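# Just to be clear, the model below is a prediction. Sequence and coordinates:
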Amino acid sequence: MTSTIVQQKQGSNSFGRPKMMENRAFDYIYDKNYHLSNQTDHQFQAIKSQSGNTNIHLQPNYRTMFSELQHHPRFTLQLKNNLVLPNHMNQDWPGKQNYSREKLILQKLMTGDHSIKIPSVVYENHDLDGKDRHKFAKKPIIPFINAIPPYVVLDTFRSQDQDQQRLNESNRPQTSYAKTIGTQTDYRDGEAQTDPYTPEYVVKPGEQPELLTLITLANGRGLPVGLAEVEMIERARAKRAWEATLPPINDPSQWEKRLKMMTEMERKEWMFREKEIEEIQNMRMELLKKMLRDREENQAGILAKKLDKLWVKKQKEKDAKIKKLRAENIKNIRKLIKKRENPKSELKKRNIIEEYSNFESDTYAPLTRVGYFPDKNADNYVVKNRYLDTYQGLLELEASLPHYVLQLKIDPPKRNQHTQDGYLKRKYREEKRLEDIHSNLLAIKEQKKTEEKPLRFLKLIEKPVPRPPTPRIDIPDPEEEEKELAIIYLQKIIRGKAIQNMMYDGKQEKLVLIKEVSSTHALQTVDQSNTKLYKQKVLTLQRQRHLTNQAEDLKDEVLQNLEGETVCDMLDFLSKELIRLQEERRIHAFAMLAERQRRMREAEESGLRQVEERRRREDDEIFKQMLKTQQDCVETYLEDCILETIDQVADEEARKEVHEMANKINDVAYEVEKTRSAVESEEIVAELVHGFLIPEAQKEVYRQQIKSKQEPYLMAAHKEIYSETNKALSNSNNETSDD
């Protein structure tokens, strides 16, 4: 099968990852190497090619164009067959004969019937010397492989190790001329077997294997089996066992029992279904929470990135501003220093001798800020060598060096500190003095501490500050304390008596009012009895009203419950409709995004398909031109052969005729020569001169005239053509002479 590979370079890598082209609509018919396993796959590919995305069109309904309701759609999907195959193309499955043959082989193996005849395989005949020769011609791929890299081996002292290495290399088995670097399949992505293959099967009569109950499962839709599929299989087994325990349907006496068992099973299935729906809803809720949490995290991450980006931008602006201020500060300081060095602003002449005598001047160390860059071409002097850049090169360099170079032994020079007269040199005197001081300090530290001597002078001992005296309270006399307590008690009695007298005086003042109130209370005994009767009557009325209110409240409660249930159902319905509408809009948005992505992919695929078709046309044109060139070469060769043969035959015939004619002319000339006179001979010579020499002289004169006329034009053309070349040659000669 042919596959188109687009090779791209990625950076410094010589090869990138190849991009495989997708299948086209009618590859299963046009491509001879496109193989399908059975008739079902062939029909599936045919349906897929006719019902692809390019054939599905959206037909809007103008009456409900802006509707969001499910029973009033805005558009309908219509299938238009845009891709039509010509009538002469065979649309049957090409492997039909092989399939029938394999089916007969399988039937013979399963049944053991040897009377079944298996047809032989018919192979296509190829004309190797004719039209099919190009199919069997291919350039061999023989890579250029060097078994041993051409390293430069230096002469070293480790000759024994190198001899052993050479011996090992000579005993190494010979490297093959071809190596497998990579393998590429001849199948497209659509033909790659990504799903497990399910072979054809035959069931014996009277048997029904349990494995066939899982025929609806497929790869990605239940396979490989998980926990949910295992539970489903166990439920199916339990249901089959329950169906086996059901009473027979042809027994009328067991119908009631059968109905009861089926009702119970239906109730269990509905409970399981409700539980499953609840789990799905919980799963969706968790997924929604996770999506919201991820969205918040993404938003927080985006906000943090924006803040970091803004912070980095502000930091760069701050650094640039600080750098600019520092540069201006340094510039101003330099100006001040220059101004302070020359306060009178006097002009000084350049002192070349002072500049060359001072090694800190700009002559020896020019500044970068004045336009000189000493390290501009520093890379030109960098040594680049394999022996210094790689570890293997360092090992080879180390092996090539002698032993005394790697292990240096340097003897320090002896210091002659004394002169010939025995005196210490001046530059070593300070060092000698420091050594003496160091030795004296060490000797002092090693000496033992001496005992403390008695004091020669008195020492001042400071005394602590004395504490202040503690305050004390005088103890009172017990008699005086008793008197004080008696006085306090007497004061309390006097105050109580004063308050009592005040209350008595107030009572005497309001005595008339008190008597009036007591007499009025005695006269209202009858009214009080009437009041009690009225109170009882009011209580009975209140009780009756309470009972009636309670009955009305009960009625209101029932009505409110009914209204609440109705409103709850209505709100539940509205909320579900709202959720459905939101889901519908969401699905519509997903469908629009999928449609947009499909169109983008379709555009990309159309571009790639156009490139592939153009490439195929180019290859076909190249092949046609090659065939045409080959045919032209063959025709030219045949024409040359025929023309050469014709020329040869014509030359031989002409020579033969010329010889015959010459013999006849010679015979006639000999006879005329015998009979002619001198006058006739002169006439013959005159005719020859007039017929051959004079026309040739006239032709030569005419040629000279034409040449003389063309000579000025040729000189002008030569002058125009070779004038620029002569100038360039003269300039190059002048430059070489100047050099």
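Yep, that arrived. Numbering: from 1, shown residues only.
# Counting neighbours, show which residues of stretch 71-85 come out buried.
Residues R74 are the ones in stretch 71-85 that count as buried (16 or more other Cβ atoms under 10 Å). C-beta: built from backbone N, CA, C; applies to glycine.
# Give me the nearest residue to N385, chain neighbours excluded.
G393 (7.3 Å; Cβ to Cβ, 6 or more residues apart in numbering).
# got the contact list for that neighbour?
N385, R386, Y387 (Cβ atoms under 8 Å, 6 or more residues apart in numbering).
# Restricted to buried residues, select those residues in ChimeraX.
Of these, the buried ones can be selected in ChimeraX as follows, counting by 16+ other Cβ under 10 Å:
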select :387
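# what packs against the helix or strand encompassing M271?
Using DSSP states H and E, M271 sits in helix 255-341. Applying 3 or more Cβ pairs under 8 Å, 6 or more residues apart in numbering; DSSP states H and E, one finds that helix 255-341 contacts helix 227-245.
# The top helix by length along the chain: what's the following helix or strand?
Looking across the chain with DSSP state H, the single longest helix is helix 525-675. Following helix 525-675 in sequence order, the next helix or strand is helix 678-688 (DSSP H and E).
# coming back round to it: helix 227-245 and the helix holding M271, what's the angle between them?
180 degrees (axes from the mean of the first three to the mean of the last three Cα atoms, to 10 degrees).
# Reformat the contacts of G393 into JSON lines and put secondary structure and distance to A238 next to each item.
Putting the contacts of G393 into JSON lines (DSSP: H, G, I helix; E, B strand; the rest coil; distance: Cβ to Cβ, whole Å) gives the following:
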{"residue": "N385", "secondary structure": "coil", "distance to A238": "82"}
{"residue": "R386", "secondary structure": "helix", "distance to A238": "77"}
{"residue": "Y387", "secondary structure": "helix", "distance to A238": "80"}
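# Among the contacts of G393, which one sits closest to D632?
Distance to D632, by Cβ to Cβ, is smallest for R386 among the contacts of G393, at 54.2 Å.
# residues in contact with the closest one?
G393.
# That one and L394, how far apart?
10 Å (Cβ to Cβ, to the nearest Å).
# Likewise for E621?
From E621 to L394 the distance is 57 Å (Cβ to Cβ).
# So for these two, which sits in the more crowded spot?
Taking other Cβ atoms under 10 Å, E621 and L394 do not tie; L394 has more neighbours (13 against 10).
# Tell me the spacing between that one and L434.
45 Å.
# Mind telling me what element Q78 is part of?
Going by DSSP H and E, Q78 is part of strand 75-79.
# related to what we said a few turns ago, relative to helix 678-688, how tilted is the longest helix of the chain?
Using the same axes, to 10 degrees: helix 525-675 against helix 678-688 is 170 degrees.
# Can you give the distance of helix 525-675 from its chain's centre?
24 Å (Cα atoms, centre = their mean, to the nearest Å).
# Could you shift the numbering so residue one becomes 9, and keep it that way?
Done: numbering now begins at 9, and the last item shifts to helix 533-683.
# Average pLDDT for that helix, rounded please.
In this model, helix 533-683 has a mean pLDDT of 84.
# do the same with stretch 728-737
74.
# Helices of the stretch 109-258 of the chain, residue ranges please.
Along the stretch 109-258 of the chain, the stretches classed as helices by DSSP state H, counting those that start in this stretch are 167-178, 235-253.
# so what's A705 up against?
Applying Cβ under 8 Å, 6+ apart, no residues qualify as near A705.
# what phi and what psi does the backbone show at it?
phi -70, psi -40 (degrees, to the nearest 10).
# State the distance from R551 to Q544.
Distance from R551 to Q544, by Cβ to Cβ: 11 Å.
# Report how many residues lie close to I241.
Neighbours of I241 (other Cβ under 10 Å): 16.
# residues in contact with it?
L222, V233.
# Return, as residue ranges, the portions of the stretch 359-508 of the chain with sub-threshold pLDDT.
Residue ranges of the stretch 359-508 of the chain with pLDDT under 70: 380-390, 456-467.
# I meant to write the stretch 59-208 of the chain there.
In the stretch 59-208 of the chain, residues with pLDDT under 70: 60-62, 89-92, 105, 118, 131, 145-205.
# SS state for the closest residue to R617 other than its chain neighbours?
Leaving aside its sequence neighbours, R617 sits nearest to R32 (Cβ to Cβ, 6+ apart; 6.8 Å). Of the three states, R32 takes coil under DSSP: H, G, I helix; E, B strand; the rest coil.
# you'd agree R32 is up against S614?
No - counting by Cβ atoms under 8 Å, R32 does not reach S614; the two are 11.0 Å apart.
# Those two: who's more crowded?
A direct count of neighbours by other Cβ under 10 Å for R32 and S614 places R32 higher, at 18 against 11.
# And the pLDDT for that one?
At R32, the pLDDT recorded in the model is 75.
# Can I get stretch 290-306 in PDB, CA atoms only?
Coordinates of the C-alpha atoms in stretch 290-306 are reproduced here as PDB (Å, rounded to 0.1, in the frame of the first residue of the first chain):
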ATOM      1  CA  ASN A 290     -23.600  12.000  41.800                       C
ATOM      2  CA  MET A 291     -20.800  11.300  39.400                       C
ATOM      3  CA  ARG A 292     -21.900  14.200  37.200                       C
ATOM      4  CA  MET A 293     -22.100  16.500  40.200                       C
ATOM      5  CA  GLU A 294     -18.500  15.500  41.200                       C
ATOM      6  CA  LEU A 295     -17.300  16.100  37.700                       C
ATOM      7  CA  LEU A 296     -19.000  19.500  37.600                       C
ATOM      8  CA  LYS A 297     -17.400  20.400  40.900                       C
ATOM      9  CA  LYS A 298     -14.000  19.300  39.600                       C
ATOM     10  CA  MET A 299     -14.500  21.300  36.400                       C
ATOM     11  CA  LEU A 300     -15.400  24.400  38.400                       C
ATOM     12  CA  ARG A 301     -12.500  23.900  40.700                       C
ATOM     13  CA  ASP A 302     -10.100  23.400  37.700                       C
ATOM     14  CA  ARG A 303     -11.600  26.500  36.100                       C
ATOM     15  CA  GLU A 304     -11.000  28.500  39.300                       C
ATOM     16  CA  GLU A 305      -7.400  27.200  39.500                       C
ATOM     17  CA  ASN A 306      -6.800  28.000  35.900                       C
END
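# and that stretch, average pLDDT?
91.
# How far off centre is that stretch?
With Cα atoms, centre = their mean, you get 25 Å for stretch 290-306.
# Same question for stretch 258-278.
60 Å.
# what residues does it touch?
K247, W250, T253, L254, P255, P256, I257.
# try 6 Å this time
Stretch 258-278 is contacted from outside by L254, P255, using Cβ atoms under 6 Å, 6 or more residues apart in numbering.
# who's in contact with I729?
No contacts exist for I729 under Cβ under 6 Å, 6+ apart.
# Let me know the helix or strand that it is in.
Element membership of I729 [criterion: DSSP H and E] is helix 702-746.
# Now do that helix: distance to the chain's middle.
70 Å.
# Stretch 242-258 too?
55 Å.
# That stretch - what's its average pLDDT?
85.
# if we can go back for a sec, do you know how far the residue nearest to N393 is from T644?
59 Å.
# How many neighbouring residues does S685 have?
8.
# So which residues of the stretch 359-508 of the chain form helices?
Under DSSP H, counting those that start in this stretch, the stretch 359-508 of the chain gives helices at 360-365, 394-397, 399-408, 411-414, 434-454, 486-517.
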